[in-house]
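Model the following, please.
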Amino acid sequence: TGYLPAILALAALALSHLIYAYMMAITLVIALIVGVAMSGRRRTLLPAVVRLAIVGVTSLAVSAYMWLPFLSNRQYLSASPYLQPWKYDSFGAPTIMGWLTSGDLLDHGRLPVLTGLLGLGIVAAVLRRTTLNVLALVGFVAWLVLYFGRPTLGAVANLFPMQDGLLFHRFIGEMELFGVFSGPEFYYKYPNGDEVYNITIMYLSRDWRGEIKLNDEHTEWGWFSASEIPEGSSPPIKPILEQFKMSFSKSNTFKDA
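Numbers count the residues shown, from 1 in each chain. Next up is the predicted model:
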């Protein structure tokens, strides 16, 4: 039972974002191992593998038009020299554990509420040790280790499928979704007559590294606090900026960004 919801959810994830579908595949393997280990019955392994295979293969078939061309044309894909190296490599265990223990990883620039809740969750999982608790704890540790990236994993990182273009920093998701914007107000007609209906997915980043480079569509850039964003922005961007101002103009979270 429950095959259809699982298949639809996985297929939708693959069609939405391949890296998170990649992560879900790893998570499902972890869930399989934890579930069988906690049950204490080896005979449950084969049925669990069969159920997972049914869901996985069917989801792959449904989303094939997305991932199959990507894999079959990988000879035309390469690691971009314009992306910062840390996006491919991540930051290593010492740096990430420093962020975690200081609260910067989950609560950068604010009270360490989420960090504290994480600590309580770990204690609760260790004390209760139900299958769900153990899965959450093992999953957290596994993804934290994977987020350490190449500086810590070393040659092990090369064993991952598609490792040559894998963005290890995505294993933590250091940006958070601000909103998905679409509708009549995002229609725009360019001076050359081109017409577009924009669908904009807006993320917030509380940390960044590297060098800002302009392309031929821009002349200058700068940092502004939420309450001091200049007027005269592109019409499809204005509603997003207004929402941003309403959310952060009274907060220092983005004061210097």
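
what pLDDT does Pro94 get?
pLDDT for Pro94: 92.

Distance of it relative to Pro151?
As for Pro94, its distance to Pro151 is 9 Å (criterion: C-beta to C-beta, to the nearest Å). Where C-beta positions appear, they are placed from N, C-alpha and C, glycine not excepted.

quick one: which of these two has more around it?
Higher neighbour count among Pro94 and Pro151: Pro151, with 17 against 11, using other C-beta atoms under 10 Å.

For the more buried one, what is the enclosing helix or strand?
Per DSSP states H and E, Pro151 falls inside helix 150-153.

okay, that helix in PDB with CA atoms only?
Below are the C-alpha coordinates for helix 150-153, written out as PDB (Å, rounded to 0.1, in the frame of the first residue of the first chain):
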ATOM      1  CA  ARG A 150      35.900  16.500  -0.200                       C
ATOM      2  CA  PRO A 151      38.300  18.000   2.400                       C
ATOM      3  CA  THR A 152      37.100  15.300   4.800                       C
ATOM      4  CA  LEU A 153      35.800  12.500   2.600                       C
END
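
per-residue confidence averaged over it?
Mean pLDDT, computed over helix 150-153, is 90.

Also stretch 102-110?
Mean predicted lDDT for stretch 102-110 stands at 80.

For it, measure first residue to last.
Separation of the first and last residues of stretch 102-110 by C-alpha to C-alpha, to the nearest Å is 11 Å.

where in the stretch 1-150 of the chain is pLDDT low?
Low-confidence regions of the stretch 1-150 of the chain, defined by pLDDT under 70, span residues 1, 75-82.

any chance you could map the strands in it?
Here the stretch 1-150 of the chain has no strands by DSSP state E, counting those that start in this stretch.

now the stretch 151-257 of the chain
With DSSP E, counting those that start in this stretch as the criterion, the stretch 151-257 of the chain has strands spanning 175-181, 187-189, 195-197, 200-205.

Next one, pLDDT for Glu176 please.
52.

could you point out the longest helix in the protein?
The helix spanning the most residues in the chain, taking DSSP state H as the definition, is helix 18-39.

Report the contact partners of Leu45.
Applying C-beta atoms under 8 Å, 6 or more residues apart in numbering to Leu45 gives the contacts Val36.

again, but for Phe148
By C-beta under 8 Å, 6+ apart, the neighbours of Phe148 are Ser90, Phe91, Gly92, Ala93, Ile96.

How many neighbouring residues does the residue nearest to Gly121 when sequence neighbours are not counted have?
Nearest in space to Gly121, with sequence neighbours left out and distances taken as C-beta to C-beta, 6 or more residues apart in numbering, is Ala136 at 7.2 Å. Using other C-beta under 10 Å, Ala136 is surrounded by 16 other residues.

Over to Ala37?
13.

ditto for the one 10 residues further on
Residue neighbour count, defined by other C-beta under 10 Å, stands at 10 for Pro47.

what's the answer for Gly116, then?
13.

where does it sit relative to Arg110, distance-wise?
Look at Gly116 and Arg110: by C-beta to C-beta, they are 12 Å apart.

Tell me the residues that contact both of those two, please.
Counting by C-beta under 8 Å, 6+ apart, nothing touches both Gly116 and Arg110.

Flag every buried residue along the longest helix of the chain.
Applying a neighbour-count criterion of 16 or more other C-beta atoms under 10 Å, one finds Leu18, Ala21, Tyr22, Met23, Met24, Ala25, Ile26, Ala31, Val34, Gly35, Val36 buried in helix 18-39.

would you list those in JSON lines and tack on distance to Thr131?
Below are these laid out as JSON lines (distance: C-beta to C-beta, whole Å):
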{"residue": "Leu18", "distance to Thr131": "29"}
{"residue": "Ala21", "distance to Thr131": "24"}
{"residue": "Tyr22", "distance to Thr131": "24"}
{"residue": "Met23", "distance to Thr131": "21"}
{"residue": "Met24", "distance to Thr131": "19"}
{"residue": "Ala25", "distance to Thr131": "20"}
{"residue": "Ile26", "distance to Thr131": "19"}
{"residue": "Ala31", "distance to Thr131": "9"}
{"residue": "Val34", "distance to Thr131": "7"}
{"residue": "Gly35", "distance to Thr131": "6"}
{"residue": "Val36", "distance to Thr131": "10"}
